[in-house]
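Q: need the 3D shape of this:
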Amino acid sequence: MDRVLDGRVAIVTGAAMGMGEATAILFAEAGAKVIVADLDADAGQQTVEAIRTSGGEASFIDVDVADEASVAAMVRATVETYGRLDCAVNNAGITPDTAMVADADLAVFDRIIAVNLRSVLACMKHQIRQLLSQGGGGAIVNISSTTGIRPQATNSAYVASKHGVIGLTKTAALEYAGHGIRVNCVLPGAIDTPLIQKAFKKLDMDPAAYAPVLSLFNRLGTPREVAQGSLWLCSDMSSYVTGHSLAIDAGYTAR
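A: Numbers count the residues shown, from 1 in each chain. So this is what the prediction gives:
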């Protein structure tokens, strides 16, 4: 593994499992000091221990991304722990709703928007403030979804939140390019995470049988495959890239 983030400090939200966990581990392998941020302290500490066991450096911070005060505290604690911030992956999110628009529960809608969209704004707000205070730029990756560009029935709140993440990403990229801060977006397709397995179980669907519908490769993606995209976007390898939405979806959105 090339240490393309050597000496840098990274925040990864939702890093207790799935894509966030894989991202935190990969960033540590690439040389970053990683803040593992999540509500699940037990699972988050397991991610930290996995990183430390492999020779990396990481610390856990308890954060509720739907609460701006908690997000601000996360960024402060990052700086207190490692002295600065260089990059962030805003990955935390919750599962889709399963209701038609005419049957939508607005309380559910508000919760999904708060966790999946409002949190991205809160995270970027405080991350960018820190990057500006340091000078020298930085990189932020926001995790959207293929549903951010391709709607899905019965998931109105989730679809709206993921469309919104792309819009926030482009706006921040436009506003802060002059400060050397790059802001990009990753759009995962069907990735084999606990959340998608939970969704398949709820719908009584066989993931292997349904994978060809979601992937030209006839399989689910792995969390590490998504993490590789976030790593590239946070590293100097993508130094001329900002405001971009990178689909990691095995061609799902190409057909």
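
Q: hang on, Asp105 packs against Ile112?
A: No. Assessed by C-beta atoms under 8 Å, Asp105 is found out of contact with Ile112, at 10.1 Å. C-beta: built from backbone N, CA, C; applies to glycine.

Q: now the helices: where do they sit in the stretch 1-150 of the chain?
A: With DSSP state H, counting those that start in this stretch applied, the stretch 1-150 of the chain shows helices at 18-29, 41-53, 68-82, 106-113, 119-134, listed in chain order.

Q: helices and strands around the last one, which ones?
A: Secondary-structure packing of helix 119-134 (3 or more C-beta pairs under 8 Å, 6 or more residues apart in numbering; DSSP states H and E): strand 9-13, helix 68-82, strand 87-90, strand 138-143, helix 156-176, strand 181-188.

Q: contacting residues for the residue nearest to Ile191 when sequence neighbours are not counted?
A: Leaving aside its sequence neighbours, Ile191 sits nearest to Gly221 (C-beta to C-beta, 6 or more residues apart in numbering; 4.5 Å). For Gly221, the contacting residues are Pro188, Gly189, Ala190, Ile191, Asp192, Ser215, Ile248, Asp249, Ala250, taking C-beta atoms under 8 Å, 6 or more residues apart in numbering as the criterion.

Q: how close does the closest residue in space to Leu216 that isn't next to it in sequence sit to Gly189?
A: Nearest in space to Leu216, with sequence neighbours left out and distances taken as C-beta to C-beta, 6+ apart, is Gly251 at 3.6 Å. Here the criterion is C-beta to C-beta, to the nearest Å. By it, Gly251 lies 8 Å from Gly189.

Q: so these two - more neighbours on which side?
A: Gly189 (23 against 12; other C-beta atoms under 10 Å).

Q: leaving out chain neighbours, which residue sits closest to the more buried one?
A: Taking C-beta to C-beta, 6+ apart, and ignoring the residues beside it in sequence, Gly189 has Asp249 as its nearest neighbour in space, at 2.8 Å.
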